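S.K.: what's the 3D shape of this:
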Amino acid sequence: MSIGLRWGILATGGIARSFTQDLLDAGHTVAAVGSRAPGAAQAFATEFGIPRAHGSYEQLAADPDVDVIYVATPHPMHLDAALLAIAAGKHVLVEKPFTLTAAQATRIAAAAATAGVVAMEAMWTRFLPHMVQLRALIAAGAIGDVRTVIADHTQALPTDPSHRLQNPELGGGALLDLGIYPVSFAVDVLGLPTAMQAHASMTPTGVDRQTAMILEHEGGRQSVLHCALDTAGSNRAIVIGTQGAIELDRVWYTPTALTRYDRDWQVVERFEPEVSGRGMQFQAAELERRVSGERPSSLPIDESVAIMGVLDRVRSLIGLRYPGE
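M.R.: Residues are numbered from 1 along each chain as shown. Have a look, this model is predicted:
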């Protein structure tokens with residue numbers, strides 16, 4: 001439920017459209033939109049019935065009727081956009097991955113702390129009902145001691161060399177767009193890794209086409225993770241414990257169901273929540289709760305920074321570097 005914050009949407013791409021629709025359907029207030037192209041901002045405002053359209057990000061940040069800004073730019077622009085919003089005293093929800101690097105993420109976290117505003121990564125999967133249920137089952141010991149996480153995120157996406165996903169200058173590659181999901185999931189369940197291995201196949205443009213990761217976590221637990229941007233796979237995930245397992249249906253990082261099995265692989269229970277829209281409204285509600293003073297239910301900003309550190313390490317292992325690093 002909304003506490004009445006007035007949202008501003010920074011950038012007008014596909015992810016911004018999905019989030020805005022979920023915001024409105026869930027009863028949140030969208031007060032303004034900003035784009036570097038005034039025509040795009042006006043068209044977006046007209047489509048969604050948003051009162052004000054700004055022809056620059058600076059104008060959006062300066063809008064006194066905006067309390068929180070959702071940053072929906074490509075990854076390399078997250079840092080500057082988030083810092084702009086924070087400097088204007090706005091809370092900020094930054095699309096995943098939070099930034100390009102851990103160093104950039106640290107700057108956002110520090111700026112938000114200094115300004116006394118909430119900054120949060122828009123890893124919407126963390127706040128979906130089936131993920132909340134998964135964490136509750138694990139905490140209750142429903143599958144015993146958790147030992148293993150296996151998850152993949154693979155899609156057949158554009159292979160045009162000029163596309164954002166193929167462009168290293170725009171943070172392209174499978175890892176940051178797709179691999180962030182299984183990495184964040186593994187950290188959610190098992191904590192930060194203590195060691196890791198990774199291998200990748202690269203595109204002609206120099207970004208990772210697919211990446212496989214094995215992460216070691218405290219107590220000898222492991223996660224086996226995979227992402228690819230030119231092949232559509234099962235997109236399933238499973239958490240395995242000493243007394244059973246929890247399997248997340250396809251597509252596990254979107255609103256879906258889960259099944260709990262005992263150690264003999266007999267079904268113990270099914271959880272099938274009903275979720276309207278794409279399910280991005282749950283992250284908005286989480287941010288608004290944090291603004292009202294509640295503690296994070298999942299993914300505090302320090303964890304987002306640490307996850308960017310994991311991705312930095314994976315990129316080092318597979319030889320993926322972005323311009324300017």
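
S.K.: ok, R147 - how many residues close by?
M.R.: Per other CB atoms under 10 Å, the neighbour tally for R147 reads 17. C-beta coordinates here come from the backbone N, C-alpha and C atoms, glycine included.

S.K.: for it, helix, strand, or coil?
M.R.: The three-state label given to R147 by DSSP: H, G, I helix; E, B strand; the rest coil is strand.

S.K.: any idea which element A110 lies in?
M.R.: Per DSSP states H and E, A110 falls inside helix 102-115.

S.K.: elements contacting that helix?
M.R.: The contact analysis (3 or more CB pairs under 8 Å, 6 or more residues apart in numbering; DSSP states H and E) places helix 102-115 against helix 78-87, strand 91-95, strand 119-122, helix 301-318.

S.K.: Using PDB, list the CA coordinates for the following helix or strand past the shortest one.
M.R.: This points to strand 119-122. As assigned by DSSP H and E, the chain's next helix or strand after strand 119-122 is helix 129-139. Extracted as PDB, the C-alpha positions of helix 129-139 are listed here (Å, rounded to 0.1, in the frame of the first residue of the first chain):
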ATOM      1  CA  PRO A 129       5.500 -13.100  -3.000                       C
ATOM      2  CA  HIS A 130       7.100 -16.400  -3.900                       C
ATOM      3  CA  MET A 131      10.500 -15.000  -2.800                       C
ATOM      4  CA  VAL A 132       9.100 -13.900   0.500                       C
ATOM      5  CA  GLN A 133       7.600 -17.400   0.900                       C
ATOM      6  CA  LEU A 134      10.900 -19.000   0.000                       C
ATOM      7  CA  ARG A 135      12.800 -17.100   2.600                       C
ATOM      8  CA  ALA A 136      10.100 -17.900   5.200                       C
ATOM      9  CA  LEU A 137      10.400 -21.700   4.500                       C
ATOM     10  CA  ILE A 138      14.100 -21.600   4.700                       C
ATOM     11  CA  ALA A 139      14.100 -19.700   7.900                       C
END
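
S.K.: got a list of contacts for helix 129-139?
M.R.: Here helix 129-139 makes contact (CB atoms under 8 Å, 6 or more residues apart in numbering) with 125, 143, 146, 188-189, 239, 241, 246, 248, 255-258, 260, 271, 273, 275, 282, 297-298.

S.K.: Buried residues, it. List them.
M.R.: Residues of helix 129-139 classed as buried: 129-134, 137-138 (neighbour count, 16 or more other CB atoms under 10 Å).

S.K.: rewinding a little: I150: which of the helices and strands packed on helix 102-115 is closest?
M.R.: Each of the helices and strands packed on helix 102-115 has some distance to I150 by CB to CB; the shortest is helix 301-318, at 16.8 Å.

S.K.: report the angle between the axes of that closest one and helix 102-115?
M.R.: Angle of helix 301-318 versus helix 102-115, following axes from the mean of the first three to the mean of the last three CA atoms, to 10 degrees, is 170 degrees.

S.K.: what's the offset of helix 301-318 from the middle of its chain?
M.R.: 13 Å (CA atoms, centre = their mean, to the nearest Å).

S.K.: okay, the angle between that helix and strand 91-95?
M.R.: 30 degrees.

S.K.: so what secondary structure elements neighbour helix 301-318?
M.R.: Taking 3+ CB pairs under 8 Å, 6+ apart as the contact cut, helix 301-318 packs with helix 102-115, strand 119-122, helix 180-190, strand 193-202, strand 208-217.

S.K.: Make a markdown table out of the ones you listed and add mean neighbour count, distance to P158 and mean pLDDT.
M.R.: What follows is the helices and strands packed on helix 301-318, written out as a markdown table (neighbours: other CB atoms under 10 Å; distance: least, CB to CB, whole Å; pLDDT from 0 to 100):
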| stretch | mean neighbour count | distance to P158 | mean pLDDT |
| --- | --- | --- | --- |
| helix 102-115 | 18 | 26 | 98 |
| strand 119-122 | 26 | 22 | 98 |
| helix 180-190 | 24 | 18 | 98 |
| strand 193-202 | 16 | 17 | 98 |
| strand 208-217 | 22 | 12 | 98 |
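
S.K.: Perfect, that will be all.
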